[in-house]
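**Student:** mind folding the following:
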Amino acid sequence: MIVVPSHMGRMNKLALLRRLRQLGTASRAELAKSLGLSQPTCGKIVQELLRSGVLEELRRTRPAPTPWLAQLPKRKLGRPGVLLRLDCSRPRFLGIQLDVSRTSLARLALGFTGPDAWEMEVPTGRSAAQWLRHVGEAARALPVGELWGVLVSVPGLLDSARGRVLFSPNLHWTETVDLRALLGRIWPAPVVLMQEEQALALGHYQVHPGSESFLLVDFGEGVGGAVVVNGRLQANPLPVSGELGHTPVPGNRRKCGCGAVGCLETLVSLRGLLESFAEAVPRAHPSWESLCQHVARRGLEPWLAATLDATAVAIAGALNVIGLRHVVITGLLTQLPSVVLEHLTARIREGALWARFGEVQVQTAPRHRAAGLVAAGIEKLVLNRLHDGVPGTTRPAASAHATTQDP
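**Tutor:** Residues are numbered from 1 along each chain as shown. Sure, this is the predicted structure:
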């Protein structure tokens, strides 16, 4: 294989950005050493990234001298060290979370690694026209300067090659439109589409780089999962992965948005839990707050325990097939009293083969979907900008659309 200089330079930049995302901050010397680059080569890359606004410098501050040290003759100690980090000062991306009932938006800097904190929410609507109108209204309320890209998490099955939603059980209108073209009417910037659960998993890894291999399961208006192995999202020849919510549950006769009957999602999604709560406690007000309070008072009643048992079977089965022993739970179940996760964890460990040989780790975590979108945007858009030599301009959306399932 012949590696041309331009390709080598791109790989070095990508490696440096990935390493800096893992470290948070680092000096030039630390980056060069950890990447196995010469200091002149690393310094050249850093200078280019600083000029383009991808990185920013932080001056190391010295601690205030103690009283006795202040009495000593002053001497020159050398210039303070300089740390580097991904730029946190200017929002370069617009992040969009397309969900069943609400669409959330936020302006995101390249160095963003926090839990989700969306700046604005609008109704998703029941059609592309309604959604586009609501998002357009949000755009006028969220002014952005130089926009490098629009990053969108989408539910359902995403064809990453064409950038089209193939199937969305709870949001069927997205199957018939080109979301990138719609957003291009509002923002003249390249668009990255990413499957929502994969954005969550990638974001969790960015914030917790020590967790290199895990199954993430998210509970909300639907139920889905994604797999990270050795720091990389699991790739598949078909866009069907992590669909735990569509595992059939024996005895469950509820109809699912996918067209099947008995899917796990109809029991342990927001709607499913509230339906079961209303059936079990007819006099209670069927709201999420009431459900949380009821579980806090009464503990695990049979209907909820049965739902958690079915959920644990699906998760343990996935662990056994993939060969993992680390589960990350995000979303609604983390908001319920601790007895819920304790029960779910115990049942997962009962069904996971790894538990016979060692520990199966089940942890809860906040959602980091925005951080996952930023990571995808850096790898899919920032490197293209640098490669094309246009660090200070925004390319037309029509020529720069991008999708990703495995940054």
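**Student:** wait, Trp118 touches Ser104, no?
**Tutor:** Yes. The pair Trp118 / Ser104 is scored as a contact, 3.6 Å apart, by Cβ atoms under 8 Å. (Each C-beta comes from the backbone N, C-alpha and C, glycine too.)
**Student:** for the top helix by length along the chain, what is the average pLDDT?
**Tutor:** The residue-count maximum for a helix in the chain (DSSP state H) belongs to helix 302-322. Mean per-residue pLDDT for helix 302-322: 97.
**Student:** now stretch 278-293
**Tutor:** 93.
**Student:** what separates it from the chain centre, distance-wise?
**Tutor:** For stretch 278-293, the distance from its own C-alpha centre to the chain's C-alpha centre is 31 Å (Cα atoms, centre = their mean, to the nearest Å).
**Student:** how long is that stretch end to end?
**Tutor:** As for stretch 278-293, its first-to-last residue distance stands at 14 Å under the measure Cα to Cα, to the nearest Å.
**Student:** cool, and stretch 212-225?
**Tutor:** Counting by Cα to Cα, you get 16 Å between the two ends of stretch 212-225.
**Student:** could you do stretch 283-293 as well?
**Tutor:** This stretch, stretch 283-293, spans 14 Å end to end (Cα to Cα).
**Student:** which stretches in the stretch 51-200 of the chain count as helices?
**Tutor:** Applying DSSP state H, counting those that start in this stretch to the stretch 51-200 of the chain gives helices spanning 67-70, 128-141, 179-184, 196-207.
**Student:** which of these has the lowest mean pLDDT?
**Tutor:** Looking at the helices of the stretch 51-200 of the chain, the bottom one is helix 67-70 with a mean of 49.
**Student:** give me the residues contacting stretch 266-284.
**Tutor:** Contacts with stretch 266-284, where a contact means Cβ atoms under 8 Å, 6 or more residues apart in numbering, come from 219-223, 245, 249, 252, 254-256, 265, 286-288, 290-291, 294, 301, 303-304, 307-308, 310-311, 332-333.
**Student:** got a quick PyMOL command for the buried subset of those residues?
**Tutor:** Provided next is the PyMOL selection string for whichever of those are buried by 16 or more other Cβ atoms under 10 Å:
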select buried, resi 219+220+221+222+223+245+249+252+254+256+265+291+294+304+307+308+310+311+332+333
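**Student:** in strands, which of the contacts of stretch 266-284 appear?
**Tutor:** Secondary structure from DSSP state E places 219, 223 of the contacts of stretch 266-284 in strands.
**Student:** buried residues, the longest helix of the chain. List them.
**Tutor:** The neighbour-count criterion (16+ other Cβ under 10 Å) identifies 304-308, 310-316, 318-319 as the buried residues of helix 302-322.
**Student:** show me what it is packed up against.
**Tutor:** For helix 302-322, the packing partners by 3 or more Cβ pairs under 8 Å, 6 or more residues apart in numbering; DSSP states H and E come out as strand 214-219, strand 223-229, helix 265-268, helix 270-280, helix 338-351.
**Student:** any stretches of the stretch 301-407 of the chain with poor pLDDT?
**Tutor:** Segments of the stretch 301-407 of the chain classed as low confidence (criterion: pLDDT under 70) are 388-407.
**Student:** about what we covered before: switch the helices and strands packed on helix 302-322 over to a markdown table; also include distance to Asn236.
**Tutor:** A markdown table is the format used below for the helices and strands packed on helix 302-322 (distance: least, Cβ to Cβ, whole Å):
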| stretch | distance to Asn236 |
| --- | --- |
| strand 214-219 | 14 |
| strand 223-229 | 9 |
| helix 265-268 | 20 |
| helix 270-280 | 26 |
| helix 338-351 | 23 |
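**Student:** compare these and give me the one nearest Ser27.
**Tutor:** Put simply, out of these the one that sits nearest Ser27 is strand 223-229, at 28.4 Å, with distance taken as Cβ to Cβ.
**Student:** so what are the sheet partners of the helix or strand following that closest one and their directions?
**Tutor:** Along the chain past strand 223-229, the next helix or strand (assigned with DSSP states H and E) turns out to be strand 232-233. Sheet pairing here is set by DSSP bridges, and for strand 232-233 it gives strand 223-229 (antiparallel).
**Student:** excluding residues flanking it in the chain, which one is nearest Arg325?
**Tutor:** The shortest distance from Arg325 to any non-neighbouring residue, by Cβ to Cβ, 6 or more residues apart in numbering, is to Trp354 (3.9 Å).
**Student:** I figured that neighbour was touching Leu319, is that so?
**Tutor:** Yes. With contacts counted by Cβ under 8 Å, Trp354 reaches Leu319, the gap being 6.7 Å.
**Student:** list residues touching both of the two?
**Tutor:** Counting by Cβ under 8 Å, 6+ apart, the residues touching both Trp354 and Leu319 are 325, 360.
**Student:** Asn154 bridge partners, please.
**Tutor:** One correction, residue 154 is Val, not Asn. With DSSP bridges as the criterion, the beta-bridge partners of Val154 are Gln195.
**Student:** returning to what we had before: okay, now the residue nearest to Arg325: neighbour count?
**Tutor:** 17 (other Cβ atoms under 10 Å).
**Student:** mind listing what it touches?
**Tutor:** Trp354 sits next to 319, 324-325, 360 when contact means Cβ under 8 Å, 6+ apart.
**Student:** widest-spaced pair of these?
**Tutor:** Of all pairs drawn from those, the greatest distance, 8.9 Å, lies between Leu324 and Val360 (Cβ to Cβ).
**Student:** which one of the contacts of Trp354 is nearest to Val227?
**Tutor:** Taking the contacts of Trp354 together and measuring to Val227 by Cβ to Cβ, the closest member is Leu324, at 7.2 Å.
**Student:** how about the strands in the stretch 51-200 of the chain?
**Tutor:** Secondary structure of the stretch 51-200 of the chain (DSSP state E, counting those that start in this stretch): strands located at 55-59, 82-86, 91-98, 102-109, 120-123, 149-154, 157-159, 164-167, 191-195.
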